[in-house]
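1. Here is a sequence together with a model predicted from it:
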Amino acid sequence: MTNPIADPGHGHSPAAWIAVVIMLLGFATGTIFFCAGLPVGVWVGVAIVVIGAISGWVLAKAGWGVKGPKYTPKAH
């Protein structure tokens, strides 16, 4: 049995999932444009990654993070 106080939650929250999905899209965008030789698209991908990180932080502060009031952990 795990100790709920020591368990950080491993990021299984809506805030974490949304941030990771947005950042994965940013990495994919940057990679595609890098392979195509279009540096503007690479910078667009970088901007998407930054937006993903900010969105995760904003959603966590809005209560959708692991310890937020809007998050309900699921039984494993």
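-> Cool, got the structure.
2. what bits of this structure have low per-residue confidence?
-> Scanning the chain for pLDDT under 70 picks out the ranges 1-11, 75-76.
3. For the residue nearest the centre of it, which residues are in contact?
-> The chain has residue 19 as the residue nearest its centroid, 1.9 Å off, counting by C-alpha atoms, centre = their mean. Residues near residue 19 by C-beta atoms under 8 Å, 6 or more residues apart in numbering: 52-53, 55-57, 59. No exception for glycine: its C-beta is placed from N, CA and C like everyone else's.
4. likewise residue 47?
-> residue 26.
5. C-alpha coordinates for whichever helix or strand it is part of, PDB please?
-> Following DSSP states H and E, one finds residue 47 within helix 39-59. Extracted in PDB, the C-alpha atoms of helix 39-59 (Å, rounded to 0.1, in the frame of the first residue of the first chain):
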ATOM      1  CA  PRO A  39      13.000  27.300 -39.600                       C
ATOM      2  CA  VAL A  40       9.800  29.400 -39.100                       C
ATOM      3  CA  GLY A  41       7.800  26.200 -38.600                       C
ATOM      4  CA  VAL A  42      10.400  25.000 -36.100                       C
ATOM      5  CA  TRP A  43       9.900  28.200 -34.100                       C
ATOM      6  CA  VAL A  44       6.200  27.700 -34.300                       C
ATOM      7  CA  GLY A  45       6.700  24.200 -32.800                       C
ATOM      8  CA  VAL A  46       8.800  25.800 -30.000                       C
ATOM      9  CA  ALA A  47       6.000  28.300 -29.300                       C
ATOM     10  CA  ILE A  48       3.500  25.400 -29.100                       C
ATOM     11  CA  VAL A  49       5.700  23.600 -26.500                       C
ATOM     12  CA  VAL A  50       5.900  26.800 -24.400                       C
ATOM     13  CA  ILE A  51       2.100  27.200 -24.700                       C
ATOM     14  CA  GLY A  52       1.600  23.600 -23.500                       C
ATOM     15  CA  ALA A  53       3.800  24.200 -20.500                       C
ATOM     16  CA  ILE A  54       1.900  27.400 -19.600                       C
ATOM     17  CA  SER A  55      -1.400  25.700 -20.100                       C
ATOM     18  CA  GLY A  56      -0.500  22.900 -17.700                       C
ATOM     19  CA  TRP A  57       0.600  25.500 -15.100                       C
ATOM     20  CA  VAL A  58      -2.600  27.500 -15.600                       C
ATOM     21  CA  LEU A  59      -4.800  24.400 -15.300                       C
END
